[in-house]
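[1] Sequence plus predicted model, see below.
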Amino acid sequence: EDQVTQSPEALRLQEGESSSLNCSYTVSGLRGLFWYRQDPGKGPEFLFTLYSAGEEKEKERLKATLTKKESFLHITAPKPEDSATYLCAVESYNTDKLIFGTGTRLQVFP
Amino acid sequence: NAGVMQNPRHLVRRRGQEARLRCSPMKGHSHVYWYRQLPEEGLKFMVYLQKENIIDESGMPKERFSAEFPKEGPSILRIQQVVRGDSAAYFCASSPLVQGSTEAFFGQGTRLTVV
């Protein structure tokens, strides 16, 4: 069964304190791994798609990496506006649906 | 280019009433997905539809829930005889499903409260 586990559940950072969020997955034939950002009361906002091990993508202070078992979302010098819940999801070749983890709730304090 | 539009944003229903949630996909997208999010839980897949076809409804409860995506108009998620446990945020996502690109873009959700 396809499964996604995210850690930590919650992370508190000081502004400028870099860190990484983890997404471990098991899937039968990975089609893609997705990162989303979700603000309270809002829908998930698409950030990245990664397709193969070794792939990396960057957007402003965020960088996503992928191995055969896990993905990391690195946050460099975060700002308070980066505070949100970050969701990881996988899609396998067997289905057309996303399997989500429960997310990491990030709080960045000034 | 408008994003995925969901309405209403908030919906309150009494137990036993019907709830109808609407989703208009992004322009050019012909694939729609519905997900449910309970407090402190992840998004759970419910159903995947293309125009006039249900492709995968493996996440839909067998009773009281139905979904459609007609040739014209928005996709509808319908919940009959709602119960308190149906209270959740319901998100719709759309995708063009162009080969090599399977990004799904989400709407702002409908928050259903059953009283």
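    Yes, it's here. Numbering: from 1, shown residues only, chains lettered A, B, ... in the order given.

[2] and residue B:41, what does it touch?
    Applying CB atoms under 8 Å, 6 or more residues apart in numbering or on different chains to residue B:41 gives the contacts residue A:102. C-beta coordinates here come from the backbone N, C-alpha and C atoms, glycine included.

[3] Equivalent analysis for residue A:31, please.
    Here residue A:31 is in contact with A:51, A:91-93, B:102 (criterion: CB under 8 Å, 6+ apart).

[4] What of residue B:4?
    Taking CB under 8 Å, 6+ apart, we find residue B:4 in contact with A:43, B:23-26, B:92-94, B:105-107.

[5] run the last query once more with 6 Å
    B:25-26, B:92, B:94, B:105, B:107 (CB atoms under 6 Å, 6 or more residues apart in numbering or on different chains).

[6] Neighbour-wise, which one of these leads?
    Neighbour counts for those were taken using other CB atoms under 10 Å in any protein chain shown; the highest belongs to residue B:92, with 30 neighbours.

[7] Please save the CA atoms from stretch B:83-91 in CSV.
    Coordinates of the C-alpha atoms in stretch B:83-91 are reproduced here as CSV (Å, rounded to 0.1, in the frame of the first residue of the first chain):
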residue,chain,number,x,y,z
VAL,B,83,-24.2,13.4,9.7
ARG,B,84,-21.8,15.1,12.1
GLY,B,85,-18.9,13.0,11.0
ASP,B,86,-19.2,14.6,7.5
SER,B,87,-18.0,17.9,8.9
ALA,B,88,-14.7,18.6,7.2
ALA,B,89,-13.0,20.7,4.5
TYR,B,90,-13.6,19.3,1.0
PHE,B,91,-11.1,20.3,-1.6
